[in-house]
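Engineer: with the input below, show me the fold.
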Amino acid sequence: MPSPVGDPSVTKRASQSPKLKPVGLVPRGRVSQRRILLVLAGAVFLVHASWVGTWLVDDAGISLAYARNLASGHGLRSQPGAPAVEGFSNPLWTLLIAPLTVLPPPVLAPAVKLLSLMLVLACFGLLVESSGNRVADAWAPIWIALSPSFVIWTTSGLENPLFALLGVASILVMEKAVGGVPPPVVSVAAGLVAAGLALTRPDGLAYAALFAGGLARHAWRSADRLPAARAAVLHATAFAAVFGGYLFFRWRYFGDFVPNTYRAKFVSSLVDHDPRRVVDLVGSVAGPLALPLVAALVVAVLFLAFRRGLTPRSWALGSHLAVAAAVYVVLPPDWMGEHRFATLFVVCFWWMLFAVWEDCRTLASETPSARPFGVLSAGALIALAWSAGSTTERSRDFALNPIVPLERIHRFGRAYESLAHSVAEPSLLAPDLGGLLLAADRLRVFDLAGLCDKEIARTLMRDPRGFHDYVFERLRPSFIHAHGAWADWASLHSDPRFERDYVPLHEIWQPAGQPPISGEEHAEPLSGDYVRRSAVPAPGGIAALRAEFRKLRLDEFLP
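Structural biologist: Now for the predicted structure:
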């Protein structure tokens, strides 16, 4: 049989056949567009984050203190020798930053900032690279990077950047479940991602069932019920192995099935399940565009659902967005501002908008344009220019007066550490624990907020008598510092043992003629620092201690 090589007819057919593209690849132009958008999003985030500067929130210091003690061989404890109390609610983040705590103190904060930046860029990169030929999706990180809430809390030293990255991964694995029964490795990975979310922050547990929900939707629409059930079992097994393993460890090590932060923070009187909070949340994310964008999103989703044009990605995004909104409503309002618990909502909101836009564009045209970059760019630039003013104002306002800076509390703690040399067996009862724990060496720190103290967590807002008995009869701290709401909640002046045992070093009271901070019968000072009488060695020691107190500038109300 003669060889076809050189046969003119074969050569002609080959030249006329279409050129096949490798499976999974997209046109070179679209790849470059995605990369350009990724670089642009990273640049926007860096510029935006630079306004916040070196600020870390004091709560981040609690995780850093636990991580430092773990890395130093003292275990998961707030201080060496302290009781085993789970005063953090982000175990995965605490484990992740533990290696950084061996660094010298001057470079520890920049190292945490750098880690947070890497996680944010990884989040953006995963989102953009997963967009494939859906170029519209790749625009979402730019809007996310413009959100003050997202930028502030992903650079705060808390777990938010890790939560955002795992949230994007959760969306992508659920997309595969909605589109079909994924391979076993994907089901296992989905279980690990769900466990990671639950161990990064307690509300992450709310996302654990979404992958199984995606499988259920696919099974309902197809005949793959048995394979879908197997995938769900793999997912549940992986999740239970990791999350269940940590629950067992928590019970054995800390003696509880929930973190002590839950005991300290959950007070029914502080919980406000008001769905209208979502309106405020969307307004903070989208600014003046909030109502038009939400209306357009709802209309587009209804149109796509009617035409059966919702893609698996939009289903996954919509599910995560709904859970994120519900979690935000259920959680108590956060006094720190800028929607600290809405990081994943911000990601899902903007990504959902662009994903639905892409779905509508594809459905509306039988031959979707391969180059929407120009039209989308023009609209994006207009929107960016319009929204930049309000974004800049909010972020800069926060930067001028950031909430409870870790560095300021650390300075406060170092000053009290110096004052501790004046008394025997020094100890301090105070809120704002992060900087104090990192600064304390000789000073034993007791947590007035109750995060790292089981008894205070259970009594401060529920049993005032029990709280006072614990403080005055069992703890008997050398120093007490209280300010603001913590002074009001502790209500130390209402117990006669306080005046019997303690003498003020410095107090700031409400100006005369103004109503007290609370409606309680015993008004508390705005700020107060006290020393236990029996801890001062000499009769004239209190006067000397007050002089030292002022010399250390502790009277400047650092917290």
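Engineer: sketch out the low-pLDDT regions of the stretch 351-500 of the chain for me.
Structural biologist: 364-391 (pLDDT under 70).
Engineer: how about a cut-off of 80?
Structural biologist: By pLDDT under 80, the weakly predicted segments of the stretch 351-500 of the chain are 361-392.
Engineer: and for the stretch 1-150 of the chain?
Structural biologist: Low-confidence regions of the stretch 1-150 of the chain, defined here as pLDDT under 80, cover residues 1-32, 133.
Engineer: now the helices for it?
Structural biologist: Using DSSP state H, counting those that start in this stretch, the helices assigned to the stretch 1-150 of the chain run over residues 8-16, 28-52, 58-71, 91-97, 105-129, 140-146, 148-154.
Engineer: and C348, which of those helices is closest to it?
Structural biologist: Checking these against C348 by C-beta to C-beta gives helix 140-146 as the closest, at 9.5 Å. Glycine gets a C-beta too; all of them are placed from N, C-alpha and C.
Engineer: show me what the closest one is packed up against.
Structural biologist: Contact here means 3 or more C-beta pairs under 8 Å, 6 or more residues apart in numbering; DSSP states H and E; on that basis helix 140-146 packs against helix 28-52, helix 105-129, helix 343-364, helix 373-400.
Engineer: how about the CA coordinates for stretch 83-99, as CSV?
Structural biologist: Only the C-alpha atoms of stretch 83-99 are listed here, as CSV (Å, rounded to 0.1, in the frame of the first residue of the first chain):
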residue,chain,number,x,y,z
PRO,A,83,-4.0,27.5,82.2
ALA,A,84,-4.8,25.9,78.9
VAL,A,85,-7.7,28.2,77.7
GLU,A,86,-8.5,28.5,74.0
GLY,A,87,-8.5,32.3,73.8
PHE,A,88,-8.3,32.4,70.0
SER,A,89,-11.0,31.4,67.5
ASN,A,90,-8.7,30.9,64.5
PRO,A,91,-6.6,27.7,65.1
LEU,A,92,-5.5,27.3,61.5
TRP,A,93,-4.3,30.9,61.3
THR,A,94,-2.5,30.5,64.7
LEU,A,95,-0.7,27.4,63.5
LEU,A,96,0.2,29.1,60.2
ILE,A,97,1.8,32.1,61.9
ALA,A,98,3.6,30.1,64.6
PRO,A,99,6.9,29.8,62.5
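Engineer: tell me which residues of that stretch come out buried.
Structural biologist: Residues 85-98 are the ones in stretch 83-99 that count as buried (16 or more other C-beta atoms under 10 Å).
Engineer: give me the contact list for it.
Structural biologist: 62-64, 66-68, 70-71, 75-78, 112, 115, 158-159, 162, 196, 199-202, 246, 250, 253-256, 259-262, 433, 447, 451-454 (C-beta atoms under 8 Å, 6 or more residues apart in numbering).
Engineer: which of those fall within strands?
Structural biologist: D447 (DSSP state E).
Engineer: emit the ChimeraX select command for whichever of the contacts of stretch 83-99 are buried.
Structural biologist: Isolation of the buried members of the contacts of stretch 83-99 (16+ other C-beta under 10 Å) is achieved in ChimeraX through the command below:
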select :62,63,64,66,67,68,70,76,77,78,112,115,158,159,162,196,199,200,201,202,250,254,259,260,261,433,447,451,452,453,454
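Engineer: next up, the contacts around G61.
Structural biologist: G61 is in contact with 157, 406, 409-410, 433-438, counting by C-beta under 8 Å, 6+ apart.
Engineer: by neighbours, which of those wins?
Structural biologist: Note: the member of the contacts of G61 with the most neighbours is L436, at 30 neighbours, neighbours being other C-beta atoms under 10 Å.
Engineer: surely that residue is in contact with L406?
Structural biologist: No: taking contacts as C-beta atoms under 8 Å, L436 lies outside contact range of L406: 10.3 Å.
Engineer: which segments of this protein make up each domain?
Structural biologist: Per automatic domain parsing, the structural domains of the chain span 28-56+103-256+274-365, 406-556.
Engineer: in JSON lines: those domains, plus distance to S395.
Structural biologist: Compiled in JSON lines, the domains of the chain are given as follows (distance: least, C-beta to C-beta, whole Å):
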{"stretch": "domain 28-56+103-256+274-365", "distance to S395": "5"}
{"stretch": "domain 406-556", "distance to S395": "19"}
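Engineer: how about the helices of the stretch 1-150 of the chain, which one is nearest V531?
Structural biologist: With respect to V531, and counting by C-beta to C-beta, the nearest of the helices of the stretch 1-150 of the chain is helix 58-71 at 23.5 Å.
Engineer: so how far is the closest one off the chain centroid?
Structural biologist: With C-alpha atoms, centre = their mean, to the nearest Å as the basis, helix 58-71 stands 16 Å off its chain's centre.
Engineer: just the helices and strands packed on helix 140-146: most buried one?
Structural biologist: For these, average neighbour numbers computed from mean count of other C-beta atoms under 10 Å are highest in helix 343-364, which has a mean of 23.
Engineer: closest one to F398 among the domains of the chain?
Structural biologist: So among the domains of the chain, domain 28-56+103-256+274-365 is nearest, using C-beta to C-beta, at 5.9 Å.
Engineer: re earlier: which of the contacts of G61 lies closest to C360?
Structural biologist: Here the nearest of the contacts of G61 to C360, counting by C-beta to C-beta, is G157; it sits at 39.6 Å.
Engineer: let me have the helices of the stretch 1-150 of the chain in a markdown table, extended by distance to V471.
Structural biologist: Output for the helices of the stretch 1-150 of the chain, formatted as a markdown table (distance: least, C-beta to C-beta, whole Å):
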| stretch | distance to V471 |
| --- | --- |
| helix 8-16 | 88 |
| helix 28-52 | 36 |
| helix 58-71 | 21 |
| helix 91-97 | 28 |
| helix 105-129 | 31 |
| helix 140-146 | 45 |
| helix 148-154 | 33 |
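Engineer: what's the closest of those helices to S491?
Structural biologist: Comparing the helices of the stretch 1-150 of the chain against S491 with C-beta to C-beta, the closest turns out to be helix 58-71 (23.1 Å).
Engineer: ok, A300 - how many residues close by?
Structural biologist: Using other C-beta under 10 Å, A300 has 20 neighbouring residues.
Engineer: repeat that for T101.
Structural biologist: 22.
Engineer: that one touches H74, doesn't it?
Structural biologist: No: under the contact definition of C-beta under 8 Å, T101 does not touch H74, with a separation of 11.4 Å.
Engineer: still on that earlier bit, what two of the contacts of G61 are the furthest from one another?
Structural biologist: Among the contacts of G61, the pair separated by the greatest distance (C-beta to C-beta) is G157 and L436, at 15.5 Å.
Engineer: quick one, helices of the stretch 201-350 of the chain?
Structural biologist: Counting by DSSP H, counting those that start in this stretch, the stretch 201-350 of the chain has these helices, from start to end: 210-221, 225-239, 245-254, 260-265, 277-286, 290-306, 312-330, 343-364.
Engineer: dump the third one to CSV, keeping only the CA atoms.
Structural biologist: What that stands for is helix 245-254. Output for helix 245-254, consisting of C-alpha atoms alone and laid out as CSV, is shown next (Å, rounded to 0.1, in the frame of the first residue of the first chain):
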residue,chain,number,x,y,z
GLY,A,245,-9.9,15.5,65.0
TYR,A,246,-9.5,19.1,66.1
LEU,A,247,-12.7,18.9,68.2
PHE,A,248,-11.3,15.9,70.0
PHE,A,249,-8.0,17.7,70.6
ARG,A,250,-9.9,20.8,71.8
TRP,A,251,-11.9,18.7,74.3
ARG,A,252,-8.8,16.9,75.6
TYR,A,253,-6.5,19.9,75.7
PHE,A,254,-8.8,22.8,76.6
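Engineer: so for it, mean pLDDT?
Structural biologist: The predicted model gives helix 245-254 an average pLDDT of 97.
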